Structures are given as structure tokens and as C-alpha cells.
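J.: got a predicted model here, sequence first, then my questions.
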Amino acid sequence: MLVFLPVGFYFYFLSEYAINIPKWDDHALKAFIVEFQNANGFIPKLQTFFKQHNEHRIAFDRFFTLIVFWIHDSIEYRWLMWIGNFTLLGVLLIFYKIFKKQKLSIAYFVPIPFILFQLQLWENTFWGMASMQNFGIIFFIFLLIYLISSEKKTHFYSALLVALFATYTSGNGITIFPVCLFLLVLQRRFKDVFVFSSISIILVFLYFYHYKFPENNPSLDGIGIRKIATGFFMFLGSVLDLIPNASQSQKLTILGGAIFLITGLIIAIYLIFNSKLFKKQRNLNHTELFIVGSLMFLIGTSIVVTLTRISYGEAGLLTSRYKIYSILLLITFYIAFISKIHTNDSNWLPLTLIFMAICFNFVANYTNFKEVVNFRNQLISFGNNWKLDKNIVSVKPTINLYESPKLGIESNLQEIESPIKNAPIWNDSIFKYVNSDGILIQNEKFSLPTIKGDNISLIVQSNKRTYLMPVEFMRNSLKAFVRTGKYWRSGFVGVLNNKEFDNGSYQLGILIKNRNVIKRYYLNDSLLVNNLNSKPIKTNW
């Protein structure tokens, strides 16, 4: 029961808060469907699966998108999320297969699903393309490590097929090839090294055939070693990003990352020098090889991501979609720890480990649940603004690519688009701040009676266009939650980035949707946007 408890909660959150609204790269899947439908002949249709998307080739995403499109008659992005999140179950199964080899009580396995299935992963969890790509590649890579670490011939031949899937799921799929070759060398399986390296060379050649390197990635010029090292440690230790204070949380992740690196290197070096490559009388077992391969991949990926993303700032390396690597690193350490336990006589140790894992899962879910709600509100704002955009011309489609969900404003569009100046003036306190990127609007008193069905949006209105921009809700600290029993803190925060709007003068207001009743309020202020200066200009504030 404990093994499936965190899995059940995780998929409950998915079923409750997933919404069929595409974000960013999700729209590329619509373009793929159009291109596939318009391609004439088997080969042209097949080529559409393998075309480059940014720096990736995402045949896995496109294949399941097409299946969903055929079954549902349109792209249902929630189905894509479920497909991607199901691959996490595959990762859990791989860990279980490794765990079974230890012949320990099932109690020692319980902490693993509590560490893996939690809401630090929220960005991948609730994003269609990201779920399939970022979780799918993890499944294929860990499956590949598992198969290569086995001496069974059937596992080796299966690994060649899985290598193909890894290559065309995400860009970091080919980074596992050197790791697999190294694992084969540690086992002195030199014939298999030749076969696998030949297949790897072919796959890498095909991957980079007609490949175009993205031009928009910033360079590392001017970025010092210290900043790179700081970002690297933050990435490795991002599973510890659980403290509300951002500065303290970053320090904790840096410290955790340094400890993780030292621990990983000690384990990997110890196992490598005790392998058949250096000691003929000593042969690493399946679990030990799996641990070495996992550590090499996770630490290697951390280096690559840090070098390619550090130019955007260290804080970006704590992004939710990257935390899966730090989480898997923690699980790998745990497997290495329990693999050295040779007795089931201790009752306190498994109970202690289970208690610690449950506490971690609770804190991670508590800390990140607000991100789930705020992300859903952001997606809803996308859908609302598509409905309010007069530049989107309705035409009869030849292909029904996507069906927008009902968001509760459809019957009130005329009221929402009417001049906000005529609405009642908002009397509750509002704090407004201006910085180089835009304007922040904060309220510390107002709260909705419920969260999921209700919503608050900022109205940004000119003579030509009305926008509904999302706000973020704030949670209480864990201490305040224990004292009051309330998760949500009163108030909200909204950020208006001037780059999201055309140049012009905008009136500002607030829209409150409460149990399908919509109320509008005027903030009695205006915003002048001049993007040529790349800085918002505020008037009357």
C-alpha cells in the first residue's frame, strides 16, 4: 500500500489539475500533424517524425501525438501528459527490478516512489510535450543502462533497439552512448563494444544528418568558472530546493550539490577500480554496474545542462523540468546504500527510511502545490486571451487539430471587452512596483473561497485589445499551515511584462470569477507601453 500511495496522489493531482491548453512547444505538435497529413507517400510521412525540433529530434513525442490525434480526432494535451507520466512508472519498475536483486524486505523499496512521485516535477507533469520528452528520455536511458549492465545476450540486443528510441526522444539521448560503452569495457565485453559502438556511430550520424545548430543559444563569453561551478552544484542539489527563502534555498542546493558530487565520485571510482577491468577476480554485479552507469549519466548531464544554460542565470538551473536529474541522483545514492545492507534483522532502519521519505514527499508536495495551481492559471490565461484576440480569424479547418476547453468566460466576452473605466473602482489595497521588466501588482488581503474553480485575472485594456493576465496565489509557510490549517495565504501577485503587449496606452483592472459569476473592477490607473525603449512607462502611479 505504501509503495502505491505516492503514485496514487501524484496521478490524482494530474487528473485534477491538468488542462487541455497547449504551452509553447506544444503548438509544434499541431504543425507536425498538418505536415504529416499533407505529406504524400510513406517516406515523406516517415520523415516528418524525425525532423529537427530546436536541438532535438522528437519522434517519440510525435508518434504518440499522432496516435492521440487518430483516437481523439484532435490533439488532447492531457492525454499526452498521461502518456509522459506513465513512463515514470516504467522508471519505477526498473528501480524495482534492481531492488529485487538485493533480496531485501519490500520495506526498503518504499522510500523510492516517495522520492520520485512528487510535485517538484510539476512543470513536466502538466505540460504535454515536456512530459513525453523529458520523462520519456529518462525511461529509455535508464532502461538502456539496465540492459547494458546485464550479461544476458537478449538484453544486449534489446539495448540496441532502446538506443534507437533514446536517440529520437530527446537531444541528450545520444549522451548515454559513451556511458554504455564504458560499462561494456568494465565487463570486458569487447565484442559487444564493437557492435554497440558501430550502432552508436550510425545513430549519431543519422541524428546530425542535415542538423542545424540553434543560433539563439548565448555563449559562455564573460562567464567565470565560479559562476559555472555554482550553477553546476545548484543543478545537482536542486532536489533540496524546498525552503521559501530563495537565497537560503540556493545555498542549500549548492551545499547539497557539492555533497552529491563528492558522494557520486567516491561510489563510482570505488566500483570502477573493483571491476573486472582492474581486478580479474572481481566482477561488478548487475546492480553495481547500474549504479555506475546512472551516476555517470546524471553527473555528465548536469555538466552539459550547466554549460548550455548557465548564460540564462544560475537560478534557471533550479527550474522544475530539470529537477528530475537531481531526484534520480538521490535515488541512485539510496540504491547504492541499501545494496550494502546484508540483513533484514533491523526493524528500525527501514521504518526510519520510510518516515524520512514520507516527510520529504509531504514537504515537496506542500512547497510546490502552489506552482501547480499557478501554472494552471497561466495556461487558462492563454486560452482566455485567444478567445479575446480579434486578430484570430475563424475559418473552417480542413483538420480539427485542437478543441479549446470551456473556460467559463465564453458567455461574458462582451462584458469583459467593454471599457473597464465604466466598472466600479477597486477599493481593496493594492501595491504597485515598477522595475526594468514591467510592473508588479500585489494585494495582501483578498482571497477566494475556493481555488480550482475560481480565478483572478488582471485586465489590461486598450482601445484595440483586452488582455486577461494571470496572477499568482501565495501559500502559507509550513509553520503557519500547522498553526492555522490553511494552505493559502490571503492576497495575490500579478506581473505585467511590457514585452507581452503591443505599444500603446492601457487601462488596468481586475476580473474575479467566482462560481461562474464574473465581476470587474477598475484600478483607476493606466499603463503606457513603449517597447522601443524596452522599458515600461507608468503614468499616474
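T.: The structure has been received and is ready for your questions. The structure displayed is predicted, hence computed values, not measured ones. Residues are numbered from 1 along each chain as shown.
J.: quick check: buried residues in the helix or strand hosting Tyr270?
T.: Take DSSP states H and E as the rule and Tyr270 turns out to sit in helix 246-272. Within helix 246-272, the residues scored as buried using 16 or more other Cβ atoms under 10 Å are 249-250, 252-254, 256-257, 260-261, 263-264, 267-268, 271-272. Just so you know, the C-beta spots here come from the backbone N, C-alpha and C atoms, and that holds for glycine as well.
J.: and which of those is nearest Asn412?
T.: The shortest approach to Asn412 among the buried residues of helix 246-272 belongs to Ser249, at 40.3 Å (Cβ to Cβ).
J.: the protein: strands as residue ranges?
T.: Secondary structure of the chain (DSSP state E): strands located at 52-53, 56-57, 431-434, 438-443, 455-461, 466-470, 472-475, 488-497, 504-514, 517-529, 537-539.
J.: by how many degrees do the longest one and strand 438-443 diverge?
T.: What that stands for is strand 517-529. Angle between the axes of strand 517-529 and strand 438-443 is 150 degrees (criterion: axes from the mean of the first three to the mean of the last three Cα atoms, to 10 degrees).
J.: so which elements touch strand 517-529?
T.: In this structure, strand 517-529 packs against helix 413-417, strand 504-514, strand 537-539, with contacts taken as 3 or more Cβ pairs under 8 Å, 6 or more residues apart in numbering; DSSP states H and E.
J.: possible to save the ones you listed as JSON lines with mean neighbour count, distance to Ser404 and mean pLDDT?
T.: Conversion of the helices and strands packed on strand 517-529 to JSON lines gives the following (neighbours: other Cβ atoms under 10 Å; distance: least, Cβ to Cβ, whole Å; pLDDT from 0 to 100):
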{"stretch": "helix 413-417", "mean neighbour count": "13", "distance to Ser404": "13", "mean pLDDT": "91"}
{"stretch": "strand 504-514", "mean neighbour count": "20", "distance to Ser404": "17", "mean pLDDT": "90"}
{"stretch": "strand 537-539", "mean neighbour count": "13", "distance to Ser404": "33", "mean pLDDT": "35"}
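J.: the ones you listed: which one's closest to Leu407?
T.: Comparing the helices and strands packed on strand 517-529 by their distance to Leu407 (Cβ to Cβ), the top pick is strand 504-514, with 9.1 Å.
J.: pairing partners for that closest one, with directions?
T.: Based on DSSP bridges, the pairing partners of strand 504-514 within the sheet are strand 455-461 (antiparallel), strand 517-529 (antiparallel).
J.: Ala39: which of the helices and strands packed on strand 517-529 is closest?
T.: helix 413-417 (37.5 Å).
J.: gap between the closest one and the chain center?
T.: From the chain centre to the centre of helix 413-417 is a distance of 35 Å (Cα atoms, centre = their mean, to the nearest Å).
J.: most neighbours per residue, which of the strands paired with strand 504-514?
T.: strand 455-461 (a mean of 23; mean count of other Cβ atoms under 10 Å).
J.: what's next to it, contact-wise?
T.: By Cβ atoms under 8 Å, 6 or more residues apart in numbering, the residues outside strand 455-461 that reach it are 377, 380-381, 384, 416, 419-420, 441, 446, 448, 466-471, 492, 494, 496, 501, 506-513, 520, 527.
J.: and this structure, what are its domains?
T.: As given by automatic domain parsing, the domain ranges for the chain are 5-341, 410-539.
J.: now, of these, which is deepest in the fold?
T.: Per-residue neighbour counts averaged over each of those give the maximum for domain 5-341, namely a mean of 18 (mean count of other Cβ under 10 Å).
J.: circling back: any chance of TSV for the helices and strands packed on strand 517-529, columns distance to Lys100?
T.: Listed next are the helices and strands packed on strand 517-529 as TSV, based on distance: least, Cβ to Cβ, whole Å:
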stretch	distance to Lys100
helix 413-417	57
strand 504-514	50
strand 537-539	62
